[in-house]
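**Q** what's the 3D shape of this:
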Amino acid sequence: MNPFKGRHFQRDIILWAVRWYCKYGISYRELQEMLAERGVNVDHSTIYRWVQRYAPEMEKRLRWYWRNPSDLCPWHMDETYV
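**A** Residues are numbered from 1 along each chain as shown. Down below sits the predicted model:
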C-alpha cells in the first residue's frame, strides 16, 4: 500500500520536509519558509501532520542504515606485551 496515495503534495516534497525537520531540528515555520523559497506553498500545520505521520515510519525503515559500522565488523584486540 502506498502511504502517499491521496496526498495533495508529491511524495518527494513530504519526504524532504520530514527529513529536514528531523535532521536539522528547525521549527515548522522555518521549514515553511524554506519550502516557500523553493516554490512550495505549504502551511506549518501541514508539515506538523506530515512529521507525526511519516517520521516514525522513516525512523523504522532507516534504523538499519544508522547502525554503528563497528557493529558490522567488530575489532577484537589481544593483549600484547612489549
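
**Q** where does the chain dip in pLDDT?
**A** 1-2, 4-6, 64-82 (pLDDT under 70).

**Q** At which residues are the helices of the protein located?
**A** Secondary structure of the chain (DSSP state H): helices at 11-24, 28-37, 44-62, 69-72.

**Q** Only the buried residues of the second one, if you could.
**A** The neighbour-count check on helix 28-37 (16 or more other Cβ atoms under 10 Å) flags Tyr28, Leu31, Gln32, Leu35 as buried. Every C-beta, even on glycine, is put in place using the N, C-alpha and C of the backbone.

**Q** Closest one to Ile14 out of those, please.
**A** Closest approach to Ile14 among the buried residues of helix 28-37 (Cβ to Cβ): Leu35, at 10.6 Å.

**Q** for the closest residue to the closest one other than its chain neighbours, what are its contacts?
**A** Spatially, and ignoring its direct neighbours in sequence, Leu35 is nearest to Val42 (5.5 Å; Cβ to Cβ, 6 or more residues apart in numbering). Val42 is in contact with Phe9, Ile13, Ala17, Gln32, Leu35, Ala36, counting by Cβ atoms under 8 Å, 6 or more residues apart in numbering.
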